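Asks: need coordinates for the following:
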Amino acid sequence: MEIEHEESPVPPPEEEEAKEPPRIQRLSESVVNRIAAGEVIQRPVSAVKELVENSLDAHSTSINLLVKDGGLKLIQVSDDGHGIRLEDLPILCERHTTSKLSAFEDLQSIKSMGFRGEALASMTYVAHVTVTTITKGQLHGYRVSYRDGLMENEPRPCAAVKGTQIMVENLFYNMAARRKTLQNASDDYSKIVDLISRKVGLYRPRTRTYILQSSKPHCNVNHGATRADVHTVATSSRLDAIRSVYGISVARNLMKIEASDNNPATSIFEMQGYMSNANYASKKITMVLFINDRLVECSALKRAIEIVYAATLPKASKPFIYISIVLPPENVDVNVHPTKREVSLLNQEVIIEKIQSVIESRLRSSNETRTYQEQAADQCSLSRITSKEANLIPLPMGSRSQKVPVHKLVRTDSLDPAGRLHAYIQTKLDGHLEKRATLNAVPIPLCDKEVVLSLLRNSIRQRRNPKDSTDLTSVQQLLDDINSNCHPSMMDIVRHCTYVGMADDVFALLQHNTHLYLANVVNLSKELMYQQVLSRFGQFNAIQLSDPAPLKDLIILALKEEDLVSECNDDDNLKEKIAEMNTELLKQKAEMLDEYFGIHIDKHGNISRLPVILDQYTPDMDHIPEFALCLGNDVNWEDERNCIQAVAAALGNFYAMHPPMLPNPSGKGLLFYKKRKMLDSCAEGNTCDVVAPSYVVSGSDVINDKVEQELLSEAETAWTQREWSIQHVLFPSMRLFLKPPVSMATDGTFVRGARLKDFLRELVSKISLLASQERTILTSCFVVILRAANPNVG
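Replies: The predicted structure is shown next:
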């Protein structure tokens, strides 16, 4: 088969002769130097970096910097270093003149910041440079101006203080294109502040003082003063230097890290630094890296650290890292970047791997605990209460107030949660549970009642929802629907109700004013979780699963549970095909689920992370199979609004506070569950030796004491944890976030009971119908209850 090539037209001979190759010309020295200057001095912060590094190499203990117009109009650096000799001034600004080295081999042992001798020369080609200097022992200083690397005049004697002052004016005056790209003076100024804070504040913490002044005026108009934007004080501690530069909120969340290796076959290095713990949270990573006391960047090390934090902490958390690495000078190549911003290390991969391992180990150990800063209660702030709160807090004894009728007295509210059922019910645990339930008592000093109430109210805090919501129209529409469908009266009950206790497995008792309400905990928690998913859309922290959960197995398990409920038995092959199809579908949607909902599905189809919808709450993992099946079957992935609504609803149902799978140990259901579990165990061929039977279920069916204790302990833990979450997580979060829909007023979520006045009247009428002995006993119990609720009742 022949392929025809389209031939391009051949130009006429005249045109071919006319195109001659261009001549190669030697560029003038001024052009070469100006091009080189543009590489070394890229923007004002580059000039500041070079000048400050020269001051540090001169062993300065005090550096002053003045910047105008972001550094384009003026950069003035003054230090108290050793100064410059008079005889060195003529060649000071010539290219490749330096006091740091004399031969190429010296680069292998270089320890100074600068070594090329290009910085000052480059500045003279793009700015006007003036140098004033004096060395120790001289009677006066000298001042000289430079242009294009040469002195414009002979050094003139002048008054000066020990050290050197270099003034760079009109930077890039002869490079119009470069100057046009640097119109944002505030941006350049912030870069200078950041650079100097790290380089001087952290590299030389023992420097006595460093002051960075800008030309912008501040409040002191009368004296025409300008305030220092950065002022670092001499300190001997690196942690104190970090606290001085980045603030106390960063310093108190740092952990010290160390690593080293003395094996010549792999790597020789020492590393010391500080890393943020699990309590620290920031929107962007802050990494300060010094290698042999040189502030540099290492993108490979930065990525390795980010991977560790991303796998251990929530997605939104970004770390703070300060690392100082010391290596033999011959193992570091400092001459790999025009601005010396990057260096090359021998055995870099090995060093990064060891540092990454140390950080990961330290972070995992810190992630097991959380530290909360203790704050003293402010008596003044407690005294500033609104009139509404004043009516709710009882007055001290001895003060005169209008007596409130007993049947109208509100004895408990959301601000003073006294009178809960836990205060009057004492549960007797078995011996093996009593030991596990023992808590270490922490003595609390006696103080005012208001102080105690304030501490109790602030003991558990929920992270506020983000102020900046997503830009997706569908999410905004769903949030608008929630706001417009909110029931105002129900909202008032939710905001000011008090949790009394659990009435049964599903309903909780709430008090609002003088009314009691039965509230469906499952419905309330499901609606709250749904609303929180939309409110925190795309901004979730993460729960890391210790063992990734395979989607396929979860979906098969959910399908089998559906068969048990519906009493049908579908083909196992059909279940497996459904599970495979849903798993592949969810793997395709994994990126969207991770980004928007915090549900991470890896390439193998395993769920490894789930979102944090409410702080200090983890969903019951017994419901994760149903959740996985719901994601695969019930979500319309083609329509954006319906998709987001369905996923949020699935999360809401998964995170809702359903009753645990184990029956409540306080009822009789656990007895039958024990019998069924033991018989199932015997049917599987396990030994069913009866040892020390505790009681008989029916006839000869004896429950093993070991099975009893395990089940009782497991059930107790599950139900106790659920009730704790309802009391300390669900209801406080409801007061903050829940906007109850209108449907909750009629669907049985809230059921209002009798008022206290009606309850007393009904109780008295019932007592009058009883026999004399029964009436006496019940009346005595009733009086005891009244006296416990109100000691003033006679």
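Asks: what's the following helix or strand after whichever helix or strand residue 324 is part of?
Replies: Per DSSP states H and E, residue 324 falls inside strand 320-326. Next along the chain after strand 320-326, taking DSSP H and E as the criterion, comes strand 332-333.
Asks: now do the end-to-end distance for stretch 583-593.
Replies: Distance between the two ends of stretch 583-593: 13 Å, counting by CA to CA, to the nearest Å.
Asks: what are the contacting residues of it?
Replies: 551-552, 555, 599-603, 605, 628, 631-632, 637, 647 (CB atoms under 8 Å, 6 or more residues apart in numbering). C-beta here means a position set from N, CA and C on the backbone, and glycine is covered the same way.
Asks: buried subset of those, written for PyMOL?
Replies: Per 16 or more other CB atoms under 10 Å, the buried members of the contacts of stretch 583-593 correspond to this PyMOL selection:
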select buried, resi 551+552+555+599+600+601+605+628+631+632+647
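Asks: possible to save the contacts of stretch 583-593 as a markdown table with distance to residue 320, pLDDT and secondary structure?
Replies: Output for the contacts of stretch 583-593, formatted as a markdown table (distance: CB to CB, whole Å; pLDDT from 0 to 100; DSSP: H, G, I helix; E, B strand; the rest coil):
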| residue | distance to residue 320 | pLDDT | secondary structure |
| --- | --- | --- | --- |
| 551 | 36 | 91 | helix |
| 552 | 40 | 90 | helix |
| 555 | 41 | 90 | helix |
| 599 | 28 | 93 | coil |
| 600 | 24 | 92 | strand |
| 601 | 30 | 92 | strand |
| 602 | 28 | 91 | coil |
| 603 | 31 | 89 | coil |
| 605 | 35 | 91 | coil |
| 628 | 37 | 91 | helix |
| 631 | 36 | 91 | helix |
| 632 | 40 | 88 | helix |
| 637 | 39 | 88 | coil |
| 647 | 33 | 93 | helix |
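Asks: the contacts of stretch 583-593: which two are farthest apart?
Replies: The two members of those with the most space between them (CB to CB) are 603 and 647, at 20.5 Å.
Asks: what about the helices in the stretch 1-150 of the chain?
Replies: 13-18, 29-40, 44-57, 119-126 (DSSP state H, counting those that start in this stretch).
Asks: buried sites along the second one?
Replies: Taking 16+ other CB under 10 Å as the neighbour-count basis, helix 29-40 is seen to contain the buried residues 33, 34, 36, 37, 38, 40.
Asks: and stretch 318-336, which residues are buried?
Replies: By 16+ other CB under 10 Å, the buried positions in stretch 318-336 come out as 318-327, 331-332, 334.
Asks: residues contacting stretch 91-98, please?
Replies: By CB under 8 Å, 6+ apart, stretch 91-98 touches 33, 36, 84, 114-118, 120-121, 123-124, 129, 131, 146, 149-151.
Asks: my bad, stretch 722-733
Replies: 460, 462, 497, 499, 502, 508, 521, 524-525, 528, 532, 614-617, 620, 657, 659-660.
Asks: and what of stretch 319-328?
Replies: 202, 238, 242, 246, 250, 253-254, 257, 268-276, 280, 282, 285-293, 301, 305-306, 309, 313, 345-346, 351, 355, 359.
Asks: inside strands: which ones of these?
Replies: Among the contacts of stretch 319-328, the members falling in strands (DSSP state E) are 254, 257, 268-276, 286-291, 345.
Asks: okay, and the helix or strand of this protein with the least pLDDT?
Replies: Of the helices and strands making up the chain, the lowest-confidence element is helix 431-437, at a mean of 37, by mean pLDDT, DSSP states H and E.
Asks: average pLDDT for the longest helix belonging to the chain?
Replies: Selection of the longest helix in the chain by residue count, based on DSSP state H, yields helix 705-725. For helix 705-725, mean pLDDT is 76.
Asks: next secondary structure after that helix?
Replies: Counting by DSSP H and E, what follows helix 705-725 is helix 731-737.
Asks: sort out which residues of that next one are buried, please.
Replies: Per 16+ other CB under 10 Å, helix 731-737 contains these buried residues: 731, 732, 733, 734, 737.
Asks: output the contacting helices and strands for the strand or helix carrying residue 526.
Replies: Using DSSP H and E, residue 526 sits within helix 521-535. Applying 3 or more CB pairs under 8 Å, 6 or more residues apart in numbering; DSSP states H and E, one finds that helix 521-535 contacts helix 473-484, helix 640-655, helix 731-737.
Asks: quick one: end-to-end distance for stretch 80-96.
Replies: With CA to CA, one end of stretch 80-96 sits 25 Å from the other.
Asks: now it: buried residues?
Replies: 80, 81, 82, 83, 84, 86, 89, 92, 93, 95.
Asks: could you do stretch 61-71 as well?
Replies: 61, 62, 63, 64, 65, 66, 67, 68, 69, 70, 71.
Asks: which of those sit farthest apart?
Replies: Longest span within the buried residues of stretch 61-71, CB to CB: 61 and 69, 29.0 Å.
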